[in-house]
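K.L.:
Pasting a predicted model and its sequence here:
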Amino acid sequence: MTSNEIKLADNTITTDELENLSKWVTSNPQLTKGDLTLEFERIFADYIGSQYAIYVNSGSSANLLMIYSLLESGRLRNKQAIVPAVSWITTLSPLVQLGFTPHLCESDSETLGVDLNHFEQLCKEHRPAVAIIVHVLGHPNKMKELVSICQKYDVLLLEDACEALGTVQDYNKLGNFGVAGSFSFYYGHHISTIEGGMVTSNDNELYNIMLSIRSHGWSRDVEGYYKVSWAKEHNIDPVRELYTFYYPGFNLRSTDLNAFLGISQMQKIDEIAERREQNFIQYQSRLAKRFYCQTSRFDKLSSFAFGTFVSNRLEVYKHLKANKIEIRPLICGSLGKQPFWVKKYGETSLPVADIVHEFGIYLPNHLGIDEHQIDFICDKFLEVAQPMFPYKAELAKQNQSHTSKAII
Ligand SMILES: Cc1ncc(COP(=O)(O)O)c(C=O)c1O
């Protein structure tokens, strides 16, 4: 038992790391656009197993950068896009802001990623050029099947892996299956740079477009080949080049100060992923007999949190809060039920995603939580929680029976 508050997420940056940072800062280094950003990107790309990584100032910026860069690359045959109903607002919002038509995809009852039948149905109906998926609470989607559907319908796949740093499926890290993948280093994610995010990719051209769009649309940061050929194409001399903009870009950069933290955080990512997996297993062993538990195929599960469904969510929330345990709804629930969506597109019903919306919660999981605290959380949870029952049969039925009413 514990009398202290059990936070949903905790800071991964230690006092030692902050002391090292302050020593470094006072040595008068270059604080932005310096070597540490490049070093962090290299370490991160090596960890994911991707060729490239681009450091940005948030996971949301990472999503915006990969979607907008793909659009600017001229590779999208249309602006139809698939997005999981259960995702995060900034997985979707760049698509809305950039004038795409988003189609919400139903959730798979096991992984809470995309339901493959519905995904394929959306591909057939809308022939989307692009899909972005989310690995919900760190659990991988059914990637082999998904990648093959994307190949069949010529859909470019983006992965929002902001909740899944370190999860491995089929010997490949999440974020490395599609054209590009995004990560968040916000406080409470697997690693933190205070705020921050990363895009990974194995696509050289897209990487260079992203480097340009991250920084105003200029060519200063891109590789030599692109710098020269863009200048040649537009007949730009070296002075003019300093302020030449090839894309209507953003400034999505972070700083070397944050990269300093990122480099140091990466030293403990394996320990973090391991702890998070063990925590998940402990929750599973205490709760999964009576309550819903995500199941997915993985070699390593860098779990974000323990997600489940309860029929009395408000009561559970109040009881856990009274016992100083912080919980949240299961991420955004269904985007199809969020006020902005209802206002813009009308309410969208998707049976499984709607269950997540109404009954989903998630329980704390992070590096700083110990076995006794997880036991305490489970004890308190079990005192009041009512399963969303019979959840297994209900979810299976929902996944089989959903129809095209899912379409906006
Ligand atoms: C799936 C997902 N995508 C994107 C984000 C956005 O990341 P950030 O808070 O770094 O902007 C989050 C944040 O929690 C997330 O869970």
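P.N.:
Done, it's in.

K.L.:
Rounded mean pLDDT for stretch 197-207, please.
P.N.:
Average pLDDT, stretch 197-207: 98.

K.L.:
can you give me the end-to-end distance of it?
P.N.:
Terminal residues of stretch 197-207 lie 15 Å apart, using C-alpha to C-alpha, to the nearest Å.

K.L.:
Give me the residues contacting that stretch.
P.N.:
Stretch 197-207 has contacts (C-beta atoms under 8 Å, 6 or more residues apart in numbering) with 41, 44-45, 48, 50-62, 65-66, 69-70, 73, 162, 175-176, 179-186, 210, 223, 226. (Each C-beta comes from the backbone N, C-alpha and C, glycine too.)

K.L.:
Repeat that for stretch 277-289.
P.N.:
293, 300-303, 306, 308, 363, 365-366, 369, 371, 374-375, 378, 381-382.

K.L.:
Can I get that stretch in CSV, CA atoms only?
P.N.:
The C-alpha atoms that make up stretch 277-289 are tabulated as CSV, following Å, rounded to 0.1, in the frame of the first residue of the first chain:
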residue,chain,number,x,y,z
GLU,A,277,6.4,-4.8,-20.4
GLN,A,278,6.7,-6.3,-16.9
ASN,A,279,4.2,-3.8,-15.5
PHE,A,280,1.7,-4.7,-18.3
ILE,A,281,2.2,-8.4,-17.5
GLN,A,282,1.4,-7.8,-13.8
TYR,A,283,-1.8,-5.9,-14.6
GLN,A,284,-2.8,-8.7,-17.0
SER,A,285,-2.3,-11.4,-14.4
ARG,A,286,-4.4,-9.5,-11.9
LEU,A,287,-7.2,-8.2,-14.1
ALA,A,288,-7.5,-10.1,-17.4
LYS,A,289,-9.7,-12.9,-16.1
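
K.L.:
name the helices or strands packed onto whichever helix or strand Gly307 is part of?
P.N.:
For Gly307, the element it lies in under DSSP states H and E is strand 306-309. On a contact count with 3 or more C-beta pairs under 8 Å, 6 or more residues apart in numbering; DSSP states H and E, strand 306-309 meets helix 269-287, helix 351-359, strand 360-363.

K.L.:
Let's see that with 10 Å instead.
P.N.:
Applying 3 or more C-beta pairs under 10 Å, 6 or more residues apart in numbering; DSSP states H and E, one finds that strand 306-309 contacts helix 269-287, helix 351-359, strand 360-363, helix 371-384, helix 391-401.

K.L.:
so what's the spatially closest residue to Asn57 that is not a sequence neighbour up against?
P.N.:
Computed as C-beta to C-beta, 6 or more residues apart in numbering, the closest residue to Asn57 that is not its neighbour in sequence is Ser254, at 4.4 Å. Residues near Ser254 by C-beta atoms under 10 Å, 6 or more residues apart in numbering: 32, 37, 40, 55-58, 61, 185, 193-198, 214, 262.

K.L.:
Around the ligand, pick out the residues from the stretch 151-300 of the chain.
P.N.:
160, 162-163, 184, 186, 197 (C-beta under 6 Å from any ligand atom).

K.L.:
In PyMOL, select just the buried ones from the residues you listed.
P.N.:
Burial among those is assessed by 16 or more other C-beta atoms under 10 Å; the matching PyMOL selection reads:
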select buried, resi 160+162+163+184+186+197
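
K.L.:
How many neighbouring residues does the residue in the stretch 1-150 of the chain that the ligand sits nearest to have?
P.N.:
The nearest approach of the stretch 1-150 of the chain to the ligand comes at Gly59, 2.6 Å away (C-beta to the nearest ligand atom). By the measure other C-beta atoms under 10 Å, the count of residues near Gly59 is 26.

K.L.:
And the one 5 residues further on, by the same measure?
P.N.:
Residues within reach of Leu64, counting by other C-beta under 10 Å, total 24.

K.L.:
what residues are up against it?
P.N.:
56, 58, 90, 93-95, 97-98, 182, 197, 199, 213, 250, 252.

K.L.:
Pull out the buried residues from stretch 150-170.
P.N.:
Result for stretch 150-170 [16+ other C-beta under 10 Å]: buried residues 150, 153, 155-169.

K.L.:
So which of the residues you listed sit within helices?
P.N.:
150, 153 (DSSP state H).

K.L.:
Take the contacts of stretch 197-207 and keep only those in helices.
P.N.:
41, 44-45, 48, 59-62, 65-66, 69-70, 210, 226.

K.L.:
which one of those is nearest Val352?
P.N.:
Of all those, Gly59 has the smallest distance to Val352: 24.4 Å, by C-beta to C-beta.

K.L.:
In this structure Gln338 contacts Ile89, no?
P.N.:
Yes: with contact defined as C-beta atoms under 10 Å, Gln338 reaches Ile89; the gap is 7.4 Å.

K.L.:
neighbour count winner among those two?
P.N.:
Gln338 (18 against 15).

K.L.:
what about the residue of the stretch 201-350 of the chain found nearest the ligand, how many neighbours?
P.N.:
When scored by C-beta to the nearest ligand atom, the stretch 201-350 of the chain has Ile331 as its residue closest to the ligand, at 6.1 Å. The tally of other residues near Ile331 (other C-beta under 10 Å) stands at 23.

K.L.:
Skipping adjacent residues, who's closest to the residue of the stretch 1-150 of the chain closest to the ligand in space?
P.N.:
Ser184 (2.6 Å).

K.L.:
give me the beta-bridge partners of that neighbour?
P.N.:
Counting by DSSP bridges, Ser184 is bridged to Gly197.

K.L.:
show me what contacts His366?
P.N.:
6-12, 188-190, 272, 275-276, 279, 303-305.

K.L.:
Of those, keep whichever come out buried.
P.N.:
Looks like the contacts of His366 have 6, 8-9, 12, 188-190, 272, 275-276, 279, 303-305 buried, using 16+ other C-beta under 10 Å.

K.L.:
from memory Gly34 sits against Leu257, does it?
P.N.:
Yes: here Gly34 reaches Leu257: they are 9.4 Å apart, a contact under C-beta under 10 Å.

K.L.:
Identify the residues contacting the residue nearest to the spatial centre of the chain.
P.N.:
Centroid-nearest residue in the chain, with C-alpha atoms, centre = their mean: Cys162, separated by 2.4 Å. Residues in contact with Cys162 (C-beta under 10 Å, 6+ apart) are 58-60, 62-63, 87-88, 90-91, 134-135, 138, 175, 181-186, 189-190, 197-198, 304.

K.L.:
Thanks again, I'm all set now.
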